[in-house]
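Enquirer: Sequence and predicted structure below; questions after.
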Amino acid sequence: MTVCEAPGKVYLFGEHAVVYGEPAVPAAIERRATVSVEPRDDDHVRVEAEDLSLDGFTVEYSGGTGDRPDVDVPTPLVEAAMGYVDAAVEQARDAADAPDAGFDIAVESDIPLGAGLGSSAAVVVAGIDAATRALGEPLDRRELAERAYRAEYEVQDGQASRADTFCSATGGAVRVEGDDCEPIEAPNLPLVVGFDGGAGDTGELVAGVGALREEYGFAADAVESIGDLVRTGEALLADAAPGEEPPAALLAELGELMDFNHGLLSALGVSARSLDAMVWAARDAGAHGAKLTGAGGGGCIVALDASDATETALSFTQGCEEAFRAELATEGVRVVE
Ligand code: PMV
């Protein structure tokens, strides 16, 4: 049995604008998806996804992507997760030149699904890593990230950025611009995540920003302004001591940029009442700054914490289903056993 686990991520800055060629800075967090893979003697794939829903389910099928039978899965999000496992199997078979390889696969995840934390990327990265290792053909991190990106691209009909999969493969903070992804140094940021229990429709939200940008010059300016603030944020991160607790002045500046970033995303129509409520609860509790993370519309916010008060305040905020501290994950995907 080969078991790999890969982290989710938050966007410190830059989602949506990254679609238009501006830079963005996602950072991996210590919430992981774990995929266990055991090769089989036949070409069947059996997937167990216990922790992706309250009930869990198991499905077994033969063949590759697209051959999965119609099964009753508990929720549309779990159905989507199955698509990612499928695509990961296909990439692993291709990478190992083993088109008929069969696997018993178990997926567990403590990353909220579809909520801007890169849950699907973590499943795909851990899945491809575990399956290729199980076949004796481990991939280096760049190839793993590239194949995981292709898997997401396929499942999401061409609407995928490289950010989530790269970040999940390498860990740490990453600078993304166009197709370029590079790890960057970052201090040990005290992050808290608030989750409203929901998820936004990434395709619709991206299309909405696109329409505003076409219609209004000032919306295009807002996208460019996000790019400017990302460059400012990056410079601040680069000046800080890597892995160390950042000084208060730096936290204050980064927090201000996060607030600014949330305001611009909100102006571009991708926030939601629940996300705004959590952002304000975090600020009221003394956080240095807070913003939505990912596509928006629902899902998660990330706050730069100043004390334990943020997590508690969020957990009492109407519309917040879960609040948790999110350590930066300096290590990307890793083998567990
Ligand atoms: O919600 P997530 O984590 O998949 O992030 C979406 C980020 C966008 O910039 C809105 C879209 C993209 O593909 O970059």
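Expert: Done, it's in. Here the structure is a predicted model, which means the values were calculated and not measured.
Enquirer: For the protein, what lies in contact range of the ligand?
Expert: Residues of the chain lying near the ligand by Cβ under 6 Å from any ligand atom: 15-16, 18-19, 116, 118, 160-161, 163-164, 202, 206, 294-295. All C-beta atoms are positioned from the backbone trio N, CA, C, and that covers glycine.
Enquirer: Of these, which belong to helices?
Expert: Judged by DSSP state H, helices contain the following of those: 163-164, 202, 206.
Enquirer: you'd agree residue 176 is up against residue 22?
Expert: No - here residue 176 does not reach residue 22: they are 9.5 Å apart, not a contact under Cβ atoms under 8 Å.
Enquirer: give me the element residue 325 is part of.
Expert: Residue 325 is part of strand 322-326 when elements are defined by DSSP states H and E.
Enquirer: C-terminal to that strand, what's the next element?
Expert: Next element after strand 322-326 (DSSP H and E): strand 334-335.
Enquirer: Please list the residues outside that next one that contact it.
Expert: Identification of contacts with strand 334-335 by Cβ atoms under 8 Å, 6 or more residues apart in numbering yields 2-6, 129-130, 133.
Enquirer: can those residues go into CSV with extra columns for distance to residue 210 and neighbour count?
Expert: Shown next, in CSV, are the contacts of strand 334-335 (distance: Cβ to Cβ, whole Å; neighbours: other Cβ atoms under 10 Å):
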residue, distance to residue 210, neighbour count
2, 41, 21
3, 40, 20
4, 35, 27
5, 35, 24
6, 30, 35
129, 33, 31
130, 36, 31
133, 39, 18
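Enquirer: Now intersect those residues with the strands, please.
Expert: 2-6 (DSSP state E).
Enquirer: Can you tell me which of those lies closest to the ligand?
Expert: The nearest member of the ones in strands among the contacts of strand 334-335 to the ligand, counting by Cβ to the nearest ligand atom, is residue 6 at 14.2 Å.
Enquirer: I'd assumed residue 125 was in contact with that closest one.
Expert: Yes - contact criterion Cβ under 8 Å: residue 6 and residue 125 qualify, at 4.1 Å.
Enquirer: who's in contact with the residue lying closest to residue 115 once chain neighbours are set aside?
Expert: The shortest distance from residue 115 to any residue other than its chain neighbours is 3.5 Å, reached at residue 299 (Cβ to Cβ, 6 or more residues apart in numbering). For residue 299, the contact set (Cβ under 8 Å, 6+ apart) comprises 112, 114-117, 195-196, 198-200, 275, 292-293.
Enquirer: if you set the cut-off to 10 Å instead, what comes out?
Expert: Residue 299 is in contact with 112-117, 193-200, 202, 272, 274-275, 292-293, counting by Cβ atoms under 10 Å, 6 or more residues apart in numbering.
Enquirer: Out of those, which end up buried?
Expert: 112-117, 193-196, 198-200, 202, 272, 274-275, 292-293 (16 or more other Cβ atoms under 10 Å).
Enquirer: from the residues you listed, which ones fall inside helices?
Expert: Filtering the buried ones among the contacts of residue 299 for helices - DSSP H - leaves 202, 274-275.
Enquirer: Okay, residue 281 and the ligand: tell me how far apart.
Expert: With distances taken as Cβ to the nearest ligand atom, to the nearest Å, residue 281 is found 21 Å from the ligand.
Enquirer: and that residue, what element?
Expert: Counting by DSSP H and E, residue 281 is found in helix 273-284.
Enquirer: So which other helices or strands are in contact with that helix?
Expert: Contacts defined by 3 or more Cβ pairs under 10 Å, 6 or more residues apart in numbering; DSSP states H and E place helix 273-284 against strand 191-195, helix 248-267, strand 289-292, strand 300-304, helix 309-315, strand 322-326.
Enquirer: And that helix, what's buried?
Expert: Neighbour-count burial for helix 273-284 flags 274-279, 281-283 (criterion: 16+ other Cβ under 10 Å).
Enquirer: on that earlier part again, quick one: strands adjacent to the strand holding residue 325?
Expert: If you go by DSSP bridges, strand 322-326 pairs up with strand 191-195 (antiparallel).
Enquirer: I'd like the mean pLDDT over the strand it pairs with, please.
Expert: On average, the pLDDT along strand 191-195 is 97.
Enquirer: which residue sits closest to the closest residue to the ligand within the stretch 201-337 of the chain in space, ignoring its chain neighbours?
Expert: Here the residue of the stretch 201-337 of the chain nearest the ligand is residue 294; by Cβ to the nearest ligand atom that distance is 2.8 Å. Of all residues not flanking residue 294 in the chain, residue 116 sits nearest, at 2.2 Å (Cβ to Cβ, 6+ apart).
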